[in-house]
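In: give me coordinates for this.
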Amino acid sequence: MQNKFYKSWIFWLFIVFGAIYAITSCFDIPIILNDLSLGIVSASIFYFITVYIPAQQKRKLIKRHLTVSYHNMKHNILQNIIWAAGIDGNYSILASYGDIEQMLDYAEFRKRFENNDNWGSFLSGLDKRSDILKDILTEFEKFSEELSFVLLLYQCNDKQYRAIRNWQNAIVDMKNADYETFADNIKPLSRALWEMYTAWSFIGGQHDSDAVQSFINRL
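Out: Predicted structure coming up:
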């Protein structure tokens, strides 16, 4: 997704025709080549100023906004996870409420929820509090709409696109699931949340970042 200036065609066009202009200025070469190279260099500079720079600024703005939105969504959902996990009296996890920012770290989240009853307490709490479940799904849906807008604006490779679309499809499935049969239908939500907070995929194993964060990083 990164579009470095030195990788863009405009950079190499500028270099090539700048060299041509320099050569034609020093040697007795037909003036038409001189004018042609000068025109292309001028057009390249115009393109860089009027198209490339604004596009890069827009990309950076969208990346910053998406980064903040994703962080806020994870923060809000984590609040709900902690509240749900504490419904049955799991006071140890409720005591972590003030450490939410710290728990957004993948390793820290795994330490708090892996190999103990905290994740089970969370799922049990969701079964008892449909309002918390609704809040989590609403947070997912709002961010997914923003993500869809960005996907329309910027290209990404097939692997990234599939990962994001799978993530969005999981949200749709969760929203439309029949939670009356809670034990069966909560599994997609549980898996999506675990992957998002730990960067651990049930297919690919441990990653440096989750699928959505990887997409944002490459904008």
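In: avg pLDDT for stretch 52-60?
Out: Stretch 52-60 shows a mean pLDDT of 79.
In: which parts of it are buried?
Out: For stretch 52-60, burial by neighbour count (16 or more other CB atoms under 10 Å) applies to 52, 59. Backbone N, C-alpha and C define where each C-beta goes, glycine included.
In: for stretch 196-203, same thing?
Out: For stretch 196-203, the neighbour count (16+ other CB under 10 Å) marks 196-200 as buried.
In: quick one: which of those sit in strands?
Out: Judged by DSSP state E, the buried residues of stretch 196-203 include residue 200 as members of strands.
In: just put the buried residues of stretch 196-203 in CSV and tack on pLDDT and distance to residue 140.
Out: As requested, the buried residues of stretch 196-203 are exported to CSV (pLDDT from 0 to 100; distance: CB to CB, whole Å):
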residue, pLDDT, distance to residue 140
196, 90, 9
197, 92, 13
198, 92, 17
199, 89, 17
200, 85, 19
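In: ok, of the buried residues of stretch 196-203, which one's closest to residue 80?
Out: Residue 80 lies nearest to residue 197 out of the buried residues of stretch 196-203, by CB to CB, at 12.3 Å.
In: the strands in the protein, which residues?
Out: Using DSSP E, strands in the chain cover 200-201, 205-206.
In: please identify which of those is closest to residue 162.
Out: strand 200-201 (12.4 Å).
In: quick one: residue 102 from residue 216, how far?
Out: 21 Å (CB to CB, to the nearest Å).
In: with residue 47 instead?
Out: Distance from residue 47 to residue 216, by CB to CB: 27 Å.
In: cheers, nothing more for now.
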